[in-house]
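A.B. asks: test case, fold it:
(chains A and B)
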Amino acid sequence: MSSPSDALPTARPAGVIHDIGYRPYAGPRAGGRAVAWSLFATGLRNCYGLGRSGRSKVLPMILLGLMLLPALILVGVLVQAKELLGLDEHIVPYSVYPITTQLLISVFVAAQAPALISRDLRFGTITLYLARPASRTTYVLVRMASLTVATFALIGSPLLLLYVGGLLADLPLGRETGLFLAALFGAMLLAACLAGLSAIISAVTTRRGLAVAAVIVVLVVSYTVVATVQGIASETGDDGVAGVAGLFSPYTLVNGVQVLLFDSPSGTPRPPTGDVLGVLYPVATALVIFGSIAAMLWRYRKVSA
Amino acid sequence: MLVIETAGLTKRYPRVTALDELDMSVGEGVTGLVGANGAGKSTLIKILLGLVPATSGTAHVLGCDVATEGKAIRSHVGYMPEHDCLPADVPASDLVVHLGQMSGLPYPAARERASDVLRHVGLGEERYRPIGGYSTGMKQRVKLAQALVHDPRLVLLDEPTNGLDPSSRDDMLSLVRRIGTEFGIAVLVTSHLLGELERISDHVVVIEAGRLLRSSATTDFTHATGVLLVEVQGRTDANQLLGQALVDAGLRARPASGMVEVDVRNEETYDVVRDVTVELGLGLVRMQERHHRIEDVFREGGAGSVQPV
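C.D. replies: Coordinates of the predicted model:
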């Protein structure tokens, strides 16, 4: 009696998965720059929930939509009713838009900074990064860069929409471009301030829920207090108090810098004026940005491998 | 070829000395690093990765100085930490690809290798589910996979069997053995369980309180001791009878847990034992050379806190 395998002794069975054993890797290995870029790109995508679970895409995408919606409406109104309302500029100036939408921006950084920063510390994943070629410093700077650029994209995209819409509505090109670029610079500063503050809060708290709450409290409460103080000061005509108060929230701080540097429209009732505040605002902004970077580097020096 | 070499390696923390003038060398194959908890195993691994500076002394990994060439070392060494280090919200496949990229692999290569190593460590379809839902055994496999994804020349495995049940532990140990033999990757594996390392290591390094207690081939630890164990049956006082007869025949013999221990003097000793047994009319059940176990080293060295299995 012959079995089927005897009939065709040389035929190999089809559809069998062969264990080809361990294959060594002889291909190229990228250097530090490519590794840092890959870490940056992954971090940036993760901030918008890309490459993460479906659930984590919901919040950032909703926030991005909510950020763009008012800009879309404003552009629509501008294009449709420019003649009717006699408009020759944006209803909400570029430099004021971020302060108007500050709650959305705060919620975004409060949700994404802990996801990006606290997670690695909380789960100890940082060990796996440190055991690889990139240094601690690179890791910290790249993580902060991802968060900054993600925040900048959130703040900047409605500004771009406003700019394009403004041009469609035949607003003067030169003036709009100048205002837009100044606002983009402000958006960059604001993104850096917010990312820095939320990153250091996330790195210190490590527990994600706690970090989310802490960032919200710091950003939203500080803005509310500053806005209240400035409101009262503007009623009493106390410009000095209003100016100094503006230093204590990233939104009013960066808005003040834009007013001082580019004479942009102010988002606060009493914009900072005078030589002292003219120095204090940019210095305070630099202090927040570089201070948070330094604090982050110091914090990570304490992280054991 | 030596993959790890240390000379006078010392690490002092404000209150403790973790490593004290440690001189050791590790070659290809699987090397077991044994020591009680707190003996300095994890500190040594961190120094070897160039993550913690040594107080004094030198160490070379794959020919690179740990003090100055940490980056080069870390791109060719895989590290499996002892403690939990996996994010809960990411599937294992994504994490291993990402970490492969972090080790310098281009994305397509990282994907291919991640899928390869996950198969080698025995992680099937569950690799696409978030790690948060994994069992301890699966997590250990992911930790091992991420240490292998960039095809390192050396892997440092810190307590890979920690928290595993006996069957997962066997799987993990045979996997470690395969890495050292089939995969051709040098392995330094730590454990506080001696029996484990005895099974899989070619070489065993024993450290105690940051100092080298012993370093030799596993076969040296388990070499023949020159003692013969003889088991006989036939009468209730068989052991006693045999022991006395052997002593009368001029051999050194003593009872040992239901058997008789005989010092082997030369080849003839075996014949004498056989003849004496026959003369007494007893049944010879077993004649066996007695081997050392690694734990005997600790008994001699006095490191009582290490648990033999």
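
A.B. asks: residue 44: how many residues sit nearby?
C.D. replies: You didn't say which chain, so I picked chain A. A:Leu44 has 20 neighbouring residues, counting by other Cβ atoms under 10 Å in any protein chain shown. Every C-beta, even on glycine, is put in place using the N, C-alpha and C of the backbone.

A.B. asks: wrong one, chain B
C.D. replies: 30.

A.B. asks: correct me, but it touches B:Ile207?
C.D. replies: Yes. The criterion here is Cβ atoms under 8 Å, and B:Leu44 meets it with B:Ile207 at 7.5 Å.

A.B. asks: the stretch 151-300 of chain B: strands as residue ranges?
C.D. replies: Applying DSSP state E, counting those that start in this stretch to the stretch 151-300 of chain B gives strands spanning B:154-158, B:186-191, B:203-208, B:211-217, B:224-233, B:253-256, B:259-263, B:283-291.

A.B. asks: export those as CSV, with columns for distance to A:Ser53.
C.D. replies: Listed next are the strands of the stretch 151-300 of chain B as CSV, based on distance: least, Cβ to Cβ, whole Å:
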stretch, distance to A:Ser53
strand B:154-158, 30
strand B:186-191, 34
strand B:203-208, 43
strand B:211-217, 48
strand B:224-233, 58
strand B:253-256, 62
strand B:259-263, 62
strand B:283-291, 53
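
A.B. asks: chain A is nearest to which of these?
C.D. replies: strand B:154-158 (8.6 Å; Cβ to the nearest Cβ).

A.B. asks: pull out the buried positions in the closest one.
C.D. replies: Neighbour counts over strand B:154-158 (16 or more other Cβ atoms under 10 Å in any protein chain shown) mark B:154-158 as buried.

A.B. asks: related to what we said a few turns ago, intersection of neighbour lists for B:Leu44 and B:Ile207?
C.D. replies: By the contact definition Cβ atoms under 8 Å, 6 or more residues apart in numbering or on different chains, B:Leu44 and B:Ile207 are jointly contacted by B:22, B:33.

A.B. asks: spell out which parts of the stretch 1-150 of chain B neighbour chain A.
C.D. replies: By the rule Cβ under 8 Å from any Cβ of the partner chain, the part of the stretch 1-150 of chain B lying against chain A is B:46, B:49, B:51-52, B:71, B:74-75, B:77, B:79, B:81, B:83-90, B:94, B:98-99, B:101-107, B:109, B:113, B:116, B:120, B:130, B:146, B:150.

A.B. asks: from those, list just the buried residues.
C.D. replies: Burial by neighbour count, 16+ other Cβ under 10 Å: within those this picks out B:46, B:49, B:51-52, B:74-75, B:77, B:79, B:81, B:85-87, B:89-90, B:94, B:98-99, B:101-105, B:109, B:113, B:116, B:120, B:130, B:146, B:150.

A.B. asks: keep only those of these that are in strands.
C.D. replies: In strands, judged by DSSP state E, the following of these are found: B:77, B:79.

A.B. asks: of the buried ones among the residues of the stretch 1-150 of chain B next to chain A, which belong to helices?
C.D. replies: When these are checked against helices (DSSP state H), the matches are B:46, B:74-75, B:94, B:98-99, B:101-102, B:109, B:113, B:116, B:120, B:146.

A.B. asks: and stretch A:28-36, how far apart are its ends?
C.D. replies: 16 Å (Cα to Cα, to the nearest Å).

A.B. asks: now find how far off-centre that stretch is within its chain.
C.D. replies: With Cα atoms, centre = their mean, to the nearest Å as the basis, stretch A:28-36 stands 25 Å off its chain's centre.

A.B. asks: mind listing what's buried in it?
C.D. replies: A:29-30, A:35-36.

A.B. asks: who touches stretch B:88-99?
C.D. replies: A:42, A:51-53, A:56, A:119, A:123, A:128, A:132, B:86-87, B:107, B:110-111, B:114-115, B:117-118, B:123, B:126-132, B:134, B:138, B:142, B:145-146, B:149.

A.B. asks: can you say which of these are buried?
C.D. replies: A:42, A:51-52, A:56, A:119, A:123, A:128, A:132, B:86-87, B:110-111, B:114-115, B:117-118, B:123, B:126-127, B:130-131, B:134, B:138, B:142, B:145-146, B:149.

A.B. asks: wait, B:Val149 touches B:Arg113, no?
C.D. replies: Yes. Applying Cβ under 8 Å as the test, B:Val149 and B:Arg113 come out as touching, 5.3 Å apart.

A.B. asks: near chain B, which residues of the stretch 1-150 of chain A are found?
C.D. replies: Going by Cβ under 8 Å from any Cβ, the residues of the stretch 1-150 of chain A near chain B are A:21-25, A:27-32, A:34-35, A:38-39, A:42, A:51-53, A:56, A:119-120, A:123-125, A:127-135.

A.B. asks: at 7 Å instead, please
C.D. replies: In this structure, the stretch 1-150 of chain A approaches chain B at residues A:21-25, A:27-30, A:35, A:38-39, A:42, A:51-53, A:119, A:123-125, A:127-134, judged by Cβ under 7 Å from any Cβ of the partner chain.

A.B. asks: where does B:Asn148 sit relative to B:Ala114, distance-wise?
C.D. replies: Quick fix: residue B:148 is Leu, not Asn. Applying Cβ to Cβ, to the nearest Å, the value for B:Leu148 to B:Ala114 is 10 Å.

A.B. asks: how about A:Leu280?
C.D. replies: Relative to B:Ala114, A:Leu280 is positioned 51 Å away (Cβ to Cβ).

A.B. asks: so which one of the buried residues of stretch A:28-36 is the model least confident about?
C.D. replies: Taking pLDDT as the measure, those have their low point at A:Ala30 (87).

A.B. asks: tally of neighbours for the closest residue to chain A within the stretch 151-300 of chain B?
C.D. replies: Closest residue of the stretch 151-300 of chain B to chain A, Cβ to the nearest Cβ: B:Asp151 (3.7 Å). B:Asp151 has 24 neighbours, counted by other Cβ under 10 Å.

A.B. asks: secondary structure element for B:Gly8?
C.D. replies: Using DSSP states H and E, B:Gly8 sits within strand B:2-12.

A.B. asks: with just CA atoms, put the helix or strand that that strand is followed by into CSV.
C.D. replies: Once strand B:2-12 ends, the next helix or strand along the chain (criterion: DSSP H and E) is strand B:17-27. Provided in CSV are the C-alpha atoms of strand B:17-27 (Å, rounded to 0.1, in the frame of the first residue of the first chain):
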residue,chain,number,x,y,z
THR,B,17,29.3,50.4,47.4
ALA,B,18,27.4,48.7,44.6
LEU,B,19,30.5,47.4,42.8
ASP,B,20,33.9,46.9,44.4
GLU,B,21,37.0,46.5,42.2
LEU,B,22,35.1,44.1,39.9
ASP,B,23,37.3,42.3,37.3
MET,B,24,35.4,40.1,35.0
SER,B,25,35.2,39.0,31.4
VAL,B,26,32.4,37.6,29.3
GLY,B,27,32.7,35.8,26.0
